[in-house]
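Trainee: Predicted model, plus sequence, below.
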Amino acid sequence: MSVGTQRLRDDADRLRAGAIAKREDPAVVDAALAADTSRRELSVKVDALRAERKSISAEVGALLAAGTAKDDAKVVAGKAASQKIADQLTLLGEQLATAEAALEDALLRIPNPPDEDIPVGGAEANRSIRTWAPKGHPGIPADGSAPATAPAPEHDTVAERLGIFDLERGAKVAGAAFPAYRADGAALIRALINLFLDTHVRENGFTEIWPPILVNEASARGTGQIPDKEDQMYVVGRDGFYLAPTAEVPVTNLHRDEILDGAQLPIRYAAYTPCFRREAGAAGRETRGILRLHQFDKVEMVSFERPEESRAALEWLTERAEILLQRLELPYRVLLMATGDMGFVQMRKYDLEVWAAGSKRWLEVSSCSNFGDYQARRMAIRHRSEAGAKPELVHTLNGSGLAIPRVLAALLENGAQPDGSVKLPAVLHPYLGGRTHLAPPAPR
């Protein structure tokens with residue numbers, strides 16, 4: 001259950017307010033309360049009938065033990081009363097199972113309430129909290145508005161000159177928004193993945209995970225993809241699996257149904273996976289090139305934290321993603337996401353957006369989120385603060401570190417040179433054999 005029944009009863013007003021702030025229907029809170037009331041009332045009736053039946057059985061047993069005949073009126077009446085109660089218990093058991101299922105379903109549909117200091121509203125209420133630009137860049141206004149950069153080609157135009165995308169053949173193989181990369185494009189993606197993993201593991205202390213990309217229903221439910229985003233997931237129908245929309249899903253579920261040693265916290269993982277999402281957007285400028293895809297590559301950071309340390313951990317996690325952008329020399333802004341734009345399961349979320357000089361727009365390349373105990377409750381991930389202590393829920397966090405396609409798009413646009421080449425940031429040179437530029441292929 002995402003929201004515990006005790007919290008449901010004690011904090012219903014805040015849950016309703018949180019649902020409204022996230023633009024979800026608050027009626028689900030009342031549906032959960034009604035199901036909880038029904039479940040408790042039915043449980044009381046079941047317990048009372050079980051006690052009554054036990055008492056009758058004891059009386060009948062005592063009569064038989066004393067030598068009373070089986071066809072004695074008292075014995076027959078007792079057995080009849082016991083059978084009547086058994087029939088009632090069968091009916092009440094079915095009603096109780098229905099109420100419990102309704103409660104579980106309603107609890108899963110209550111969104112995680114946002115932190116109290118989160119701005120209320122949709123995308124227009126997102127707040128820019130800091131910006132960064134490399135040396136020589138005209139700079140980003142403090143409010144996170146568009147910088148005055150020189151004209152540049154858009155990434156798909158640059159990629160065509162370089163011969164590094166093969167979107168038409170990718171579409172032939174799988175469909176639109178399933179890209180194929182070739183030559184320097186494939187090498188650059190591999191370089192970015194290795195850079196991100198190396199940084200997270202060697203510098204930031206993450207343990208690298210290579211997880212399954214197929215997940216079962218319990219895993220998808222655990223992180224909140226089900227029921228909130230089920231229609232956005234690819235389903236492997238015959239076998240009942242889902243293609244992972246992000247490494248967050250398999251990696252967070254590694255500790256499902258476990259009690260962790262509090263002395264080992266925080267536990268932090270970094271993982272690369274391809275990611276699969278059905279909703280890639282309608283055709284148009286928003287989706288040209290590789291900006292919105294059904295399949296894309298991403299390195300993910302996942303952290304299991306003590307509750308009292310999770311807020312500071314989110315700041316630290318976000319900074320790990322920022323360091324990568326700084327080393328890639330990409331100008332960016334950090335947004336504190338408003339209640340209606342932050343997602344169903346997050347209590348606090350930052351988006352990192354890079355400025356793309358060609359399309360003159362902000363491209364989201366990372367989201368860093370604190371889920372509090374919301375996911376942990378679904379997955380029963382707990383910890384003991386010390387030996388013998390009562391198990392408590394952990395807090396889970398995750399962050400993109402980073403998503404590859406839009407980073408690649410920004411590198412192509414911001415690094416485009418007049419001669420058609422693309423200047424690469426120094427941090428990538430060792431990963432590309434010392435090369436400093438990507439150049440168009442020589443004419444044949």
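Mentor: That came through, no problem.

Trainee: so residue 129 touches residue 322, yeah?
Mentor: No. Using C-beta atoms under 8 Å, residue 129 is not in contact with residue 322, being 11.5 Å away. Heads up, the C-betas are built off the backbone N, CA and C, glycines and all.

Trainee: Residue 56: how many residues sit nearby?
Mentor: 19 (other C-beta atoms under 10 Å).

Trainee: Give me the distance between it and residue 214.
Mentor: 52 Å (C-beta to C-beta, to the nearest Å).

Trainee: Tell me where the chain has helices.
Mentor: Counting by DSSP state H, the chain has helices at residues 5-10, 12-21, 27-65, 73-108, 155-162, 167-173, 184-198, 217-223, 225-228, 248-252, 310-327, 374-379, 404-414.

Trainee: I'd like those laid out as CSV, including distance to residue 289 and mean pLDDT.
Mentor: Shown next, in CSV, are those (distance: least, C-beta to C-beta, whole Å; pLDDT from 0 to 100):
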stretch, distance to residue 289, mean pLDDT
helix 5-10, 45, 88
helix 12-21, 35, 95
helix 27-65, 39, 93
helix 73-108, 37, 92
helix 155-162, 3, 95
helix 167-173, 8, 94
helix 184-198, 11, 97
helix 217-223, 29, 95
helix 225-228, 27, 88
helix 248-252, 25, 98
helix 310-327, 20, 98
helix 374-379, 33, 95
helix 404-414, 6, 97
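
Trainee: Quick check: which of those is nearest to residue 396?
Mentor: With C-beta to C-beta as the criterion, residue 396 lies closest to helix 374-379 of the helices of the chain, at 4.6 Å.

Trainee: May I see the buried residues of the closest one?
Mentor: Buried residues in helix 374-379, counted by 16 or more other C-beta atoms under 10 Å: 374-379.

Trainee: Tell me where the model's unsure across the stretch 201-350 of the chain.
Mentor: For the stretch 201-350 of the chain, applying pLDDT under 70 flags the ranges 280-287.

Trainee: Could you pull out the strands in it for me?
Mentor: With DSSP state E, counting those that start in this stretch, the ranges of strands along the stretch 201-350 of the chain come out as 207-209, 214-215, 235-236, 241-243, 259-261, 267-276, 295-305, 332-336, 348-356.

Trainee: Next, the buried residues of stretch 136-150.
Mentor: 137, 140, 144, 147, 149.

Trainee: meant to ask about stretch 302-321, not that
Mentor: So stretch 302-321, judged by 16+ other C-beta under 10 Å, has buried residues 302-305, 310-311, 313-314, 316-318, 320-321.

Trainee: quick one on the thing from earlier: quick one: the strands of the stretch 201-350 of the chain as CSV, columns for distance to residue 413 too.
Mentor: Conversion of those to CSV gives the following (distance: least, C-beta to C-beta, whole Å):
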stretch, distance to residue 413
strand 207-209, 30
strand 214-215, 34
strand 235-236, 35
strand 241-243, 29
strand 259-261, 43
strand 267-276, 22
strand 295-305, 17
strand 332-336, 14
strand 348-356, 5
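
Trainee: doesn't residue 39 make contact with residue 103?
Mentor: Yes. Contact status for residue 103 versus residue 39: in contact at 5.6 Å, counting by C-beta under 8 Å.

Trainee: Can you check which residues contact both of these two?
Mentor: Common contacts of residue 103 and residue 39 (C-beta atoms under 8 Å, 6 or more residues apart in numbering): none found.

Trainee: can you pull up the bridge partners for residue 362?
Mentor: Beta-bridge partners recorded for residue 362 (DSSP bridges): residue 355.

Trainee: if I pick it, what's in contact with it?
Mentor: By C-beta under 8 Å, 6+ apart, the neighbours of residue 362 are 146, 333, 353-356.

Trainee: per-residue pLDDT, it?
Mentor: Model confidence at residue 362, given as pLDDT, is 97.

Trainee: Who has more neighbours out of residue 129 and residue 322?
Mentor: Set side by side, residue 129 and residue 322 show more neighbours around residue 322, with 20 against 12, by other C-beta under 10 Å.

Trainee: The more buried one against residue 354, yeah?
Mentor: No. Residue 322 lies out of contact with residue 354 (C-beta under 8 Å); the separation is 10.8 Å.

Trainee: so what sits against both of those two?
Mentor: The contact lists of residue 322 and residue 354 share residue 332, where a contact means C-beta under 8 Å, 6+ apart.

Trainee: What is the neighbour count of the nearest residue to residue 359 once chain neighbours are set aside?
Mentor: Residue nearest to residue 359 in three dimensions, not counting chain neighbours: residue 154, with 5.0 Å by C-beta to C-beta, 6 or more residues apart in numbering. Residues near residue 154, counting by other C-beta under 10 Å, number 21.

Trainee: Identify the residues contacting residue 154.
Mentor: Per C-beta under 8 Å, 6+ apart, neighbours of residue 154: 288-289, 356, 358-359, 413.

Trainee: In contact with residue 392, which residues are there?
Mentor: Contacts of residue 392 (C-beta under 8 Å, 6+ apart): 307, 382-385.

Trainee: and the nearest residue to residue 371 once chain neighbours are set aside, what does it touch?
Mentor: The spatially closest residue to residue 371, leaving aside those adjacent along the chain, is residue 396, at 4.9 Å (C-beta to C-beta, 6+ apart). With contact set as C-beta under 8 Å, 6+ apart, residue 396 has these partners: 252, 302-305, 371, 373-376, 381.

Trainee: now these as TSV including distance to residue 32?
Mentor: Below are these laid out as TSV (distance: C-beta to C-beta, whole Å):
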residue	distance to residue 32
252	24
302	28
303	29
304	27
305	27
371	19
373	17
374	15
375	18
376	19
381	22
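
Trainee: which one of those residues is nearest residue 185?
Mentor: residue 302 (28.0 Å).

Trainee: so the closest one touches residue 247, yeah?
Mentor: Yes. With contact defined as C-beta under 8 Å, residue 302 counts as touching residue 247 (7.4 Å).

Trainee: residues shared between the contacts of the two?
Mentor: residue 271.

Trainee: State the phi and psi torsions of residue 389.
Mentor: Main-chain torsions, residue 389, degrees, to the nearest 10: phi -70, psi 160.

Trainee: What's the per-residue pLDDT of it here?
Mentor: Confidence score, pLDDT, at residue 389: 91.

Trainee: Can you tell me, leaving aside adjacent residues, what's nearest to residue 373?
Mentor: residue 393 (3.9 Å).

Trainee: Look up how far residue 21 lies from the one you found.
Mentor: From residue 393 to residue 21 the distance is 23 Å (C-beta to C-beta).

Trainee: swap in residue 207?
Mentor: Look at residue 207 and residue 21: by C-beta to C-beta, they are 35 Å apart.

Trainee: Pull out the buried positions in stretch 67-83.
Mentor: So, applying 16+ other C-beta under 10 Å, buried residues of stretch 67-83: 75, 78, 81-82.
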